[in-house]
Structure formats: structure tokens, C-alpha cells
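Student: sequence below, structure please.
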Amino acid sequence: VRICMANTTTILDNDNKQLWIRIWGGFLKQLSEKLDQVRLLAGQQLERLLLSTTTTNTALPFGDELRTALQLRTTTTTTTTTNDNNKQPQQHHPTTNWSDAKRTYRLVLQAATTIPQLFDHVISGMVISVGALTKAVQTEAEDALVDWIRVQNNDSSRLERLGQTFLDLFRNYRGKRRVILPLLKTIDILLNKTNRGLLLLDPLLLLPVLNNNDNDATNNNRQTTATSSCYSTQLLDLIQMEIQRSSAGSTDVHRLFAATNVVLGLLRSTTTTTATTNKDDDTQQQQQQQQQ
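Tutor: Okay, the predicted model is just below:
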């Protein structure tokens, strides 16, 4: 942060948007995670960077959107020297208690909604918190994510983006317990939450998604083909890989149980969804026949 604030002439330009996506994404990921002290420090430095009068913060890519989404406001004091009473640069004082999990998680999800480029960073942090062992933090993270999904439930693109992020986390952290176990717990929790009587993730599970399959993985010149399958099928394939790792070279019983819970939840949910869809189709056909 200090480097960024000291070198405004070299990095604060529109050509460095990708760099700033990584910077903001790193901040928001830390704000989404489980440790109160980490969230507090990350939030204070983020707020300082966005609101400090020593930087041309209006030129920061995505700065205005972040200030609005995180509900930041400027609170500064002006110091003077004892000799000549000349005013010194104003100092910013943080106005948000970023260790407050309930408020912070909701603000961060709001930022992820406002700036889609930061979405994956936020969800990767939220997954760690939803799957955390600390009950207070886990509950606040779960409530924030569930409330966000319920609000977005009519927007299939955002729900699909969430599902794709889950798949990407499985692929990017294969065998990494610190991510995979909380991810499995998060999906298990969401599979059992309801929205207006329907399971929360039902609209996602039957969506077609692009799947990259490697043919002849042992071949150095392997070719990659893209096929389309429903979301639940891809998720099951990735979970199966984790179950195989837990059963073969690992004694990680917790990960094995978490994976099993997700599989059972998927089977229950997709069966219910398919039955409901078939019932709706039959009802529609009966109505059409009656009209004829």
C-alpha cells in the first residue's frame, strides 16, 4: 500500500487496471476471510488508500465504485506545527470497524456485485469463512452469503458465476485441504438452504456449462475438447476426484465426510428438481389438451 501511495505518477493510470484488480482483489479476499485481526488490518489499509488525501485517489481504477459499495466516507484531522502554525497534510481516520464480521461480509459481497472483476477474489475468501470452525464467524459468513444468493436468485448469470467460481476453486486447489474442505462445507450448507420453499441452488444445478476434458492425459501432445454438461455433473466429477484422494493417499476423514454430504445433497436436490420439472411439464400438457 505504501509503495502504491508513493508512486502515484507511475501506476495510477488506466493502463494498469489489471494490476489494480489484483490489488483490490487481494484486499477484498482478506476482508472476506475468517480472522478478525486480518480483516481489521486489511480494511484499515484499504480505507486509507481509497480515502487518503496524499494520493490522487479519484484516479484509482474502480476507486469510486469501491468507495460507494463499501460505504466509505472521509473523516480527517488537520495538524499544525508549533513554530509557524502552518497546516500539515490531513490524516485519515478509519470509520468502519472491519473486524465486525456481520457488516464487513455484506459490504464485501456488495463490492463483488458492483465490480464483477473482483467477484472470484471475494468468493474464494467467503468460502474459507463459511467453512470455518469458529462458530460466530461461520454463522455471519453463511448468513451473508445466503442472503446475497436469495437476492440474486432471479439473476441466473450471477448464480452461474457463483457456481463457476466453485468449480474453478476445485480445479485450482486440487488436494489442498485448507481450501477444499471449507469449499465442500460451503456447498453442503447452500444445498440445504431454501428460498421461497425451493432449495437455494436448484436453479444452478441443471444449468449447462462448458466443460474442458483432457483426452489422453499421459500424452504430451494431448488435445483438449470442450463439451457441455449440466453443472451438477461437473461438480460430481470434481468431488469424485477429491474422494479418491481422501481414500487413497490420505487419512483426511473430515474431507471424505464433507464430500459425501455434498454428493448426497446433490442427488437429493437434482432428483427433486427433475421431478418438479416433469410435473410442471405434465401440468402444462394437460392444460393444452383441455384448451384443445
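Student: CA atoms only for stretch 30-42, dumped as PDB, please.
Tutor: What follows is stretch 30-42 as a C-alpha-only set of coordinates in PDB (Å, rounded to 0.1, in the frame of the first residue of the first chain):
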ATOM      1  CA  GLN A  30      -8.600 -10.700   3.100                       C
ATOM      2  CA  LEU A  31     -11.700  -8.800   4.100                       C
ATOM      3  CA  SER A  32     -13.800 -11.900   3.300                       C
ATOM      4  CA  GLU A  33     -11.700 -14.300   5.400                       C
ATOM      5  CA  LYS A  34     -12.200 -15.600   8.900                       C
ATOM      6  CA  LEU A  35      -9.600 -13.900  11.200                       C
ATOM      7  CA  ASP A  36     -10.900 -10.700  12.800                       C
ATOM      8  CA  GLN A  37      -7.500  -9.100  13.100                       C
ATOM      9  CA  VAL A  38      -6.700  -9.800   9.400                       C
ATOM     10  CA  ARG A  39     -10.000  -8.200   8.300                       C
ATOM     11  CA  LEU A  40      -9.300  -5.200  10.500                       C
ATOM     12  CA  LEU A  41      -5.800  -4.500   9.200                       C
ATOM     13  CA  ALA A  42      -6.800  -5.100   5.600                       C
END
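Student: all helices for this structure, in order.
Tutor: 2-6, 8-11, 17-32, 36-51, 63-69, 101-114, 119-130, 135-152, 156-172, 177-191, 202-205, 231-248, 253-291 (DSSP state H).
Student: go through those helices and name the closest to T95.
Tutor: Taking Cβ to Cβ, helix 36-51 is the member of the helices of the chain nearest to T95, at 7.4 Å. In this view, the C-beta of every residue, glycine as well, is placed from N, C-alpha and C.
Student: and the helices of the chain as a markdown table, adding mean pLDDT?
Tutor: A markdown table is the format used below for those (pLDDT from 0 to 100):
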| stretch | mean pLDDT |
| --- | --- |
| helix 2-6 | 46 |
| helix 8-11 | 46 |
| helix 17-32 | 91 |
| helix 36-51 | 91 |
| helix 63-69 | 92 |
| helix 101-114 | 95 |
| helix 119-130 | 95 |
| helix 135-152 | 92 |
| helix 156-172 | 90 |
| helix 177-191 | 92 |
| helix 202-205 | 73 |
| helix 231-248 | 82 |
| helix 253-291 | 69 |
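Student: of those helices, flag the one that's most buried.
Tutor: The highest mean neighbour count among those, using mean count of other Cβ atoms under 10 Å, belongs to helix 119-130: a mean of 25.
Student: that helix - contacts with which helices or strands?
Tutor: Under the contact criterion of 3 or more Cβ pairs under 8 Å, 6 or more residues apart in numbering; DSSP states H and E, helix 119-130 touches helix 17-32, helix 101-114, helix 135-152, helix 156-172, helix 177-191.
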